[in-house]
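K.L.:
model this:
(chains A and B)
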Amino acid sequence: MNYHSPASFAEASALAANATGITRFLAGGTDVLVQLRSELVTPDTLIDIKKINGVHDITRNADGSWTLGVATTGAEMSEHPELGKDWPGVVEAMDLIGSTQVQGRATLTGNLCNGSPAADSVPAMVAAGVTVTVTGPDGMREVAVEDIPTGPGKTSLTKGEVVSAVNIPARGDNAGDAYLRFIPRTEMDIAVVGVGVDLRLDGDTITEARVALGAVAPTVLLVEDCAKAILGSTLDDAALDALAAAASAACNPIDDKRGTIEFRTEVAGVLAKRAAKIAYARAKGENA
Amino acid sequence: MALDDRKSDFTFVGTRPNRPDGLDKVTGRAKFGADISAPGMLHGAVLRSPHAHARIVKIDTSKAEAHKDVKAVVTRADFAEVPFKPGLEGEFWNVLENVMAGEKALYDGHAVAAIAASSALAARDALKLIEVEYDVLSHVTDVDKAMAPDAPVIREGAADYSVPEGMHPNVVRYHESGHGDVEAGFSEADLVTEDSFVTEATHQGYIEPHACLGMLGNDGKGELWCTTQGHWIAQKTCAALLGIETSQLRVTASEIGGGFGGKTTVFIEPVALALSRKANRPVKIVMTRSEVFRATGPTSSASMDIKIGMKKDGTITAAQGVFRLQGGAFPGAPGDMTAMCAFAPYNLTNVKQIGYDVMSNRPKQAAYRAPGAPMGAFAVESVIDELCNKLGLDPVDVRLKNAAHEGTKASYGPTYERIGLVETLEAAKAHPHYTAPLKPGQGRGISCGFWFNHGGETSVSLALSEDGSAQLMVGTPDIGGSRASMALMAAEVLGIPYENIRVTVADTASLGYNDVSHGSRVTYASGLATIKAAKHAVERLCERAATKWGIPTDAVKWEDGCAVPSGPNAGDFDPMPLADITADMGSTGGPISGHFEATPEGAGVSFGTHIVDAEVDPETGKTCVTRYTVIQDAGKAIHPTYVEGQYQGGAAQGIGWALNEEYVYGEDGRLQNSIFLDYRIPVASDLPMIDTVIVEVPNPGHPFGVRGVGETGIVPPLAAIANAVSNAAGVRMKQLPMSPPRILAALKGNG
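P.N.:
Okay, the predicted model is just below:
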C-alpha cells in the first residue's frame, strides 16, 4: 500500500490519476479505515488530503453562501457559531453520524463519496442545494451533490478526480431546512430511512421546496413529486398527506437486516411529514 | 447443607465500599485477555468457513507453511483423538469439533484451520494462502425447519437416550416434566388461551472479545492466560483436547470484560496451545468482534406453544408448554431449562412442560444469564397477561393469587423451601411505579421470573499476614464485583476492615478446583467458602490466644476482631486483637491460614418481578421504554450496589433482547449482522434509569442468607416489555425482537 499526503488538490489529483489498483482518498477515515480493517476494501494507494492548506476552513462568502473545506469535521460544523443558524438541517444531519469520537473526524465529503444510500448528511445536502467543487486532471468543475452518488459505493467521479470543496448556498430570507432519520435506537446507528427538506415561504405559503430521501433507493433521491405536493400550500393536512404519499411512491428500497421494503416505504412518508413541519416552522422563524 | 450458625446482624456486610479493582480499571492498569505478551510471542489467526454447512474435501496448507512469516499451521489433525458420544455425554468431543472442524464445517464462521505468524497482520494475510475445498451441503438455521422431516441432518447419532422414537436426528435431547392432569385442569377453566411465540438468538455482547496467550512445550507442560469465567474448566478442556495431563497446564484468568455465560467454555485457547506446541513459541490470539458474533456462543433461538386455563377469579387451573430451542450444530440448547423454569413461579395443580434440544447450522450456543429461562417466561407471561386482559383482572393480583411459596411443589418437581416471590409481588404492588398514571400511547407490563441458582465445586484459601492483614484466594473469576463481596464476608468473620483484605483470583496451580463463575453461584458458593475459610482461620487464632493465656481453646471466642475469654469463668484477659496474634505467629506455631473445599448445595432459588412502561410510536413502530423497575429477592445483599448493578444489567440486556437484538441469517445461511452497528445492542441513551428494589428473604442454605442475583434479572424483561408494548400498541406481540418493522406490521395487520 502506498500512502501519500499531497500539499495541493492538483497534486492529489495527479497522484490519483497515475495510481494503479484501488485508490482511496483519506480525510477523516471513518469509512476508509473501517473498511480497511475489516478487509472490505484494501487500497493500493491511500491519498491523505487532510494536510492540504485550508481543508478545515468554514468560510462565509460575501454573498452569504458558505464554503467548507473537505476535512471539516462534524464537530467543527456543530461548534460553528453561525453555520447552524443558517442551515440547521445540514448541521444536524452531519451531527447524527457516529459517536462523539467519530464526530471529531468524519466529514461531509467523506459521507458523500462513500456512496452509501443511507448517508445521513447527503439528503440534507441535496435538499439544501449543496454543490461540491471537483478537482481533476482537466481542472475544476462544480457538481450538484445529488449527481455524485450513482449506486451503493459508487460515485460519478472519474479517475483522478477529487472533491476539493463543499459549497452551501446563501440561506436567504423566510427559509428553513430539516433532516430526520429513522433508526431503531436513539444514536450510534445507520439510517433505515432519512428525509431532508428545505422550504422557502412567502407569508404562510411555500414558494420553494426541495425534498430528498435517503436509504430507500440505490442512491439518495431528490423527489420532485414531494416538492410539488407542498408547493403553494400552507403545509395543511392535505398537503402533508400528499407529501407522504409522494415520498412513499418514490421509494425503491430493499429488504435487508436494517429494515423491510414495507417499513421503509411507509416510514419515508411519515418522516417526510415530520421533517417538513420542522422546516416550515424554521422558515417562519420559530424554534424547531 | 444444614447450617446452625446463621447470622443476621452485620457490621461490614450490606455496606457499599469502593471496589478493590476500581483504580486498576479506571487507570487502564487492569490486564484483560489481550493485555499480555511474552518474549518470542507469535500471533495466531483462525480461518473460518464461509459456508453454513459443507463437507471439507481437502485443506492445502502448503503455501501458508512456506510463507516466511508463518511459524505453524494447525488443523484438526493437530488435536487429540477425543471419543464421540451422543448428547452432552460427549461434550469434550462437541467442544473439540466446535474449536476446529473435523469432516464438515457446520456453520458460517466455523474454524477450519489456524496460523501462527510473526505478526498479527502477517497471520491474517497468510490465512488467504490456505486452500480449502468445500462440498457445500444444504443447511438449516431455523428451529422449526430443523425439526421438519425434510431438514438436512447436521450429524447422525448425536441424539441421546431421552429422544422419543421417530424424531428427526436434529432433535438431540428431550425433556418432559410436570404433575397433575392438565386436560382435567383445562376443563375446569373459565377461559383457556393458547398461543405460539418465537424468539431470535441474541449474543451475550460482552465488551471484551475472547483473547488468550498460550505456551505449550513438547514435554506436555504448558501455561495459558485467557479471559474466562472459569479457568479450571479451560484447563480441563484444553488438556483433554490436546492430550496432555490436566495438572501440567497452568491457567491464569485475566481480568474479564464481561462474560454473562459466554465465557464458560473455550474457543481459541486450545488453538493457541496447539499452535504453540508446533511452533515452540508462545502464541497469542485475539478475536475480532465479527469472529465473536459468528463463532462464539449466542443464546438459543426458540419456538414455543403455551396453553393456560384460568378461572374468572384468576386461579390458574392448568398450564402446558412446548419449548423448542435451537442451539447450533451441537447438543446443548437448554430446552430442558426453559421447560423447567417456565411455570416455576406458580403454584399449579396441573402442569406439563416439554423441551426439545435441536441442532441447526448455527454456532454452538453458550450460556447466557439464566440460559433458556427468559424465552419461556416471555411466552408464559404473555399468555397470563392476555388472560388478565380478557378477564379484566389485575396482573399483579393474579400472580399473587397463583404465586409459589414455601411448601409449593414446583412445576419442575421439588418442593420449595423459603422463597421470596410473594414478597417481590407485594413490593411491586406497593411501588409508586405500579400506580403511576400512563400517558396516551403508553402501556404497562408485568412479569415474574425464576432461576434455580447453583452451588458447584468451590475451593477458597485465606492467609493471614504478620501485620494482621489478610489475603484471600478464590477461584471464581470476578464478573460482577465478587472480590468486594468476598472481602466484605471475610471482614465480617475476621472482624478486620474491608480495606485490609486483598482478594485474588488465583490460578489453577495455586488453589483446588473451582467450577466456573456461572449459575449465579459466586457470592453464594465462593462466599460460603470464604466464610468457612475465615472461620477456619479464626479457630487457629483462638488456639494461639488460648496458648498465650494458658487456658483451654474452647474457653476462647472471637469477637470484633479479637480473641476474648468465652465467659467470666474462662479467665480475666484483655481482648487480644488479630494483629497481636499474627505478629509472632511464626514462633507460636507457624503461619495461620484457613481453607474450605466443598460442593455446597443450598443455593436457594430466586424470583423477581419487573414493572415496565413502554411508549410505541404508532406511525413508525418504534418503542421507547419510559420507566423500568426491577424487584428481586437477593436473600441478603452483601454489597447492595453490585446487587443493584446486576438487576439493572439484567434489565438493560433484556431491553436489547426484547426490542432490537437478533441474529439475522441470509438465505445462504451466513450471518448478516456480525458487527455492533447492525447487531443492535442498546446504547446508553436507549435506556431509562432502571429503578431497583432489593427484597431480602434469607436463603436457608447460606450462613448470611445469600441467594445468587446474577441471572434472575434477565428472566422477566422479555415478557414484561412485551406486555408493556402489547398493551401500548393494542396488539399482542408474539415474536422477538419487537423491532419497529415487526411492530408496524402488527399494527397494520390490526387495521
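
K.L.:
Just the CA trace of the host helix or strand of B:G185, in CSV.
P.N.:
Secondary structure assigned from DSSP states H and E places B:G185 in helix B:182-188. Extracted in CSV, the C-alpha atoms of helix B:182-188 (Å, rounded to 0.1, in the frame of the first residue of the first chain):
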residue,chain,number,x,y,z
VAL,B,182,-53.7,-30.8,32.5
GLU,B,183,-56.7,-31.9,30.4
ALA,B,184,-58.8,-32.1,33.6
GLY,B,185,-57.4,-28.7,34.6
PHE,B,186,-58.3,-27.1,31.3
SER,B,187,-61.9,-28.4,31.6
GLU,B,188,-62.2,-26.6,34.9
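
K.L.:
That one - contacts with which helices or strands?
P.N.:
strand B:301-310, strand B:316-326 (3 or more Cβ pairs under 8 Å, 6 or more residues apart in numbering or on different chains; DSSP states H and E). All C-beta atoms are positioned from the backbone trio N, CA, C, and that covers glycine.

K.L.:
ok and the residue in the stretch 51-200 of chain A nearest chain B?
P.N.:
With Cβ to the nearest Cβ as the measure, A:T186 is the residue of the stretch 51-200 of chain A nearest to chain B, at 4.3 Å.

K.L.:
who's in contact with that residue?
P.N.:
Counting by Cβ atoms under 8 Å, 6 or more residues apart in numbering or on different chains, A:T186 makes contact with B:V683, B:S685, B:D686.

K.L.:
So which bits of chain B are right by chain A?
P.N.:
B:124, B:290, B:619-622, B:659-660, B:664, B:672-673, B:675, B:677-678, B:680, B:682-683, B:685-686, B:739-741, B:744-745, B:748 (Cβ under 8 Å from any Cβ of the partner chain).

K.L.:
Could you turn the buried ones of those residues into a PyMOL selection?
P.N.:
To isolate in PyMOL the members of the residues of chain B next to chain A that are buried, counting by 16 or more other Cβ atoms under 10 Å in any protein chain shown, one can use:
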select buried, chain B and resi 124+290+619+620+621+622+659+660+664+673+678+680+682+686+739+740+741+744+745
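
K.L.:
Spit out the contact partners of the residue in the stretch 301-450 of chain B positioned nearest to chain A.
P.N.:
With Cβ to the nearest Cβ as the measure, B:G441 is the residue of the stretch 301-450 of chain B nearest to chain A, at 14.9 Å. By Cβ under 8 Å, 6+ apart, the residues touching B:G441 are B:E615, B:V616, B:D617, B:P618, B:A728.

K.L.:
ok, B:G243 touching B:A80?
P.N.:
Yes - assessed by Cβ atoms under 8 Å, B:G243 is found in contact with B:A80 at 3.4 Å.

K.L.:
Which one of those two is surrounded by more residues?
P.N.:
More neighbours surround B:A80 than the other of B:G243 and B:A80, with 14 against 11 (other Cβ atoms under 10 Å in any protein chain shown).

K.L.:
which stretches of the stretch 51-200 of chain A have low pLDDT?
P.N.:
Applying pLDDT under 70 to the stretch 51-200 of chain A flags no residue at all.

K.L.:
and residue 63, what are its phi and psi?
P.N.:
Using chain A here. phi -90, psi 10 (degrees, to the nearest 10).

K.L.:
Let me rephrase: I mean chain B.
P.N.:
Torsion angles, degrees, to the nearest 10, at B:K63: phi -60, psi -40.

K.L.:
Who's the closest spatial neighbour of it, skipping the chain neighbours?
P.N.:
With Cβ to Cβ, 6 or more residues apart in numbering or on different chains as the criterion, B:K63 has its nearest non-adjacent residue at 4.1 Å, and that residue is B:L129.

K.L.:
and the one you found, that's in a helix?
P.N.:
No - per DSSP: H, G, I helix; E, B strand; the rest coil, B:L129 lies outside any helix segment and is coil.

K.L.:
quick one: pLDDT of it?
P.N.:
Looking at B:L129, its pLDDT is 98.

K.L.:
And for A:E39?
P.N.:
85.

K.L.:
For it, give its distance to A:T107.
P.N.:
A:E39 sits 23 Å away from A:T107, taking Cβ to Cβ, to the nearest Å as the criterion.

K.L.:
same thing with B:Y346?
P.N.:
Relative to A:T107, and taking Cβ to Cβ, B:Y346 is found at 58 Å.

K.L.:
got it, and B:G602?
P.N.:
61 Å.

K.L.:
Next one: the strand or helix carrying A:L213, is it in contact with chain B?
P.N.:
In the assignment (DSSP H and E), A:L213 maps to strand A:205-214. No - with Cβ under 8 Å from any Cβ as the criterion, chain B is not reached by strand A:205-214; the gap is at least 15.3 Å.

K.L.:
what about B:G180, neighbour count?
P.N.:
17.

K.L.:
List the contacts of it.
P.N.:
So B:G180 contacts B:A318, B:L348, B:T349, B:N350, B:V351 (Cβ under 8 Å, 6+ apart).

K.L.:
rerun at 7 Å
P.N.:
B:G180 makes contact with B:T349, B:N350, B:V351, according to Cβ atoms under 7 Å, 6 or more residues apart in numbering or on different chains.

K.L.:
rewinding a little: quick check on the contacts of B:G441: which are buried?
P.N.:
By 16+ other Cβ under 10 Å, the contacts of B:G441 give B:E615, B:V616, B:D617, B:A728 as buried.

K.L.:
Using the three-state scheme, assign A:K273.
P.N.:
Quick answer, by three-state DSSP: A:K273 is helix.
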